[in-house]
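S.K.: mind looking at a prediction? Sequence and model below.
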Amino acid sequence: MAKIKAGVLGATGNVGQRFIEMLSEHPWFELTSLAASDRSAGKKYGEAASWRLESKIPEEVSDMTVVPVDPKKVDADIVFSALPTDLAKTVEPEFAKAGFAVASNASALRMVKDIPLVIPEVNPEHLGLIDVQQDNRKWDGYVVTNPNCTTIMMTVTLKPLMKFGIEKIYLASMQAISGAGYDGVASMAILDNVIPYIDKEEEKVETETKKLLGEFNGSEIVDAPFAVSASCNRVMVMDGHTEAVWVEMADNPSTEDIKQAFLEFDPGLSDLPTEPAPVIEVKEEKDRPQPRMDRNLGGGMTVSVGRIRPGIRYICMGHNTIRGAAGASVLNAELLKKMGKL
């Protein structure tokens, strides 16, 4: 099978590097373009990027020449966007207009009415918005987004609970510093500290969750009717967002009902290369999940849950730059290929 040509926009940054790590030996995609800012364009990637991941930079990637973030300069059929929000807002539509499929991790377009916000295990039917988007905008390409990293972990666990009639959700997050990027949190601010505020994070969780769990009626997404209340905190952990979740449900399920719903959750996507098995792993230990011990389960794509208590209350945890960022976009792209959209 011929591989699909793939490019990365914002290739030198933290999430861009995760994209490269996940795509360098992908069975369906071939990295053909790495795009970054003008200060990096024209350089070999190994010279332009300060590689920060534990894995070694792929040799063939190190020798690739970085190109400008310009549809005319990028040789690809699909581009994975790790662009900053302000840049993504204008650049991603330019690529879609030029005929590219855009799988975006940026927040700029997530809540735009005709742009899908997708987690494959949660709302694959929302990809029907692609046709609406192309009709509305007269684009040959399209943009598909994945949610905020905090939203992803919680919403994956909420999907199997929808059958119990969710009425209200409360979340308190303990978010890793890698979520802010390499230069995002000063060491003297986070060492020996918890920062009880992350700019715009709570708003993202509260709005994105309702769109993800809403209904596609053929022309638009009707948001889920329940309320979401979030309190987001930055903690001194490198990778892995931990979240305490409280869910009020009309059917008043027992803790055993909730546990079984998690254990039985099977979205039927095992043919996608990046899909983990299981999607949700239930931890029986009273002090799990923990980021250091559980963030790399399923190649960093599994969401762990534990401490399921009456209320209903539980803890969920996942790798924020893999499941919560680059891996989410890659999984979206795999689903697009499966659906014949690439």
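M.R.: Perfect, thanks for sending it. Numbers count the residues shown, from 1 in each chain.
S.K.: tell me which residues touch residue 17, please.
M.R.: Going by C-beta atoms under 8 Å, 6 or more residues apart in numbering, residue 17 touches 11, 49, 51-53. For the C-beta atoms, the positions are set from N, CA and C on the backbone; glycine is no exception.
S.K.: then it would be within a helix, right?
M.R.: Yes - counting by DSSP: H, G, I helix; E, B strand; the rest coil, one finds residue 17 located in a helix.
S.K.: hmm, back to that, most neighbours, which of the contacts of residue 17?
M.R.: residue 11 (28 neighbours; other C-beta atoms under 10 Å).
S.K.: tell me the secondary structure for that residue?
M.R.: Here residue 11 is coil, with the state taken from three-state DSSP.
S.K.: can you read off the backbone torsions of it?
M.R.: Dihedral pair for residue 11: phi -70, psi -20, per degrees, to the nearest 10.
S.K.: distance of it from residue 276?
M.R.: For residue 11, the distance to residue 276 equals 25 Å [C-beta to C-beta, to the nearest Å].
S.K.: now do residue 147
M.R.: Distance from residue 147 to residue 276, by C-beta to C-beta: 17 Å.
S.K.: neighbour-wise, which of these two wins?
M.R.: Neighbour count, other C-beta under 10 Å: between residue 147 and residue 276, residue 147 has more, with 28 against 21.
S.K.: tell me which element that one is part of?
M.R.: Secondary structure from DSSP states H and E places residue 147 outside every helix and strand.
S.K.: touching, it and residue 328? I think so.
M.R.: Yes - the criterion here is C-beta atoms under 8 Å, and residue 147 meets it with residue 328 at 7.4 Å.
S.K.: which neighbours do the two share?
M.R.: By C-beta under 8 Å, 6+ apart, residue 147 and residue 328 have these common neighbours: residue 119.
S.K.: break the chain down into its domains, please.
M.R.: Listed domain ranges for the chain are 4-148+326-338, 149-319 (source: automatic domain parsing).
S.K.: go through these and pick out the most buried.
M.R.: domain 4-148+326-338 (a mean of 20; mean count of other C-beta atoms under 10 Å).
S.K.: what average pLDDT does it get?
M.R.: In this model, domain 4-148+326-338 has a mean pLDDT of 97.
S.K.: which non-adjacent residue is nearest residue 162?
M.R.: Nearest non-adjacent residue to residue 162, counting by C-beta to C-beta, 6 or more residues apart in numbering: residue 213, 6.6 Å away.
S.K.: pLDDT score for that neighbour?
M.R.: If you check residue 213, the pLDDT there is 98.
S.K.: how much space separates it from residue 29?
M.R.: The gap separating residue 213 from residue 29 is 29 Å, by C-beta to C-beta.
S.K.: circling back to that earlier point, shouldn't the residue nearest to residue 162 be in contact with residue 158?
M.R.: Yes - using C-beta under 8 Å, residue 213 is in contact with residue 158, at 6.5 Å.
S.K.: between the two, what contacts are shared?
M.R.: Joint contacts of residue 213 and residue 158 (C-beta under 8 Å, 6+ apart) are residue 166.
S.K.: endpoints of stretch 246-265, how far apart?
M.R.: Chord length of stretch 246-265, first to last residue, is 19 Å (C-alpha to C-alpha, to the nearest Å).
S.K.: average pLDDT across it?
M.R.: Per-residue scores along stretch 246-265 average to 98.
S.K.: distance from the chain centre to it, please.
M.R.: Computed by C-alpha atoms, centre = their mean, to the nearest Å, the chain-centroid distance of stretch 246-265 equals 24 Å.
S.K.: which residues in the protein form helices?
M.R.: 14-23, 45-48, 59-62, 85-97, 129-137, 149-158, 187-190, 201-212, 255-263, 291-294, 327-338 (DSSP state H).
S.K.: adding distance to residue 305, write these out as a markdown table.
M.R.: Below are those laid out as a markdown table (distance: least, C-beta to C-beta, whole Å):
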| stretch | distance to residue 305 |
| --- | --- |
| helix 14-23 | 23 |
| helix 45-48 | 38 |
| helix 59-62 | 35 |
| helix 85-97 | 30 |
| helix 129-137 | 29 |
| helix 149-158 | 6 |
| helix 187-190 | 26 |
| helix 201-212 | 16 |
| helix 255-263 | 6 |
| helix 291-294 | 10 |
| helix 327-338 | 18 |
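S.K.: can you tell which of those is closest to residue 313?
M.R.: helix 255-263 (9.1 Å; C-beta to C-beta).
S.K.: list the contacts for residue 62?
M.R.: Counting by C-beta under 8 Å, 6+ apart, residue 62 touches 44-46.
S.K.: before we move on, what about residue 232?
M.R.: Applying C-beta under 8 Å, 6+ apart to residue 232 gives the contacts 150, 171-173, 175, 197-198, 201-202, 205.
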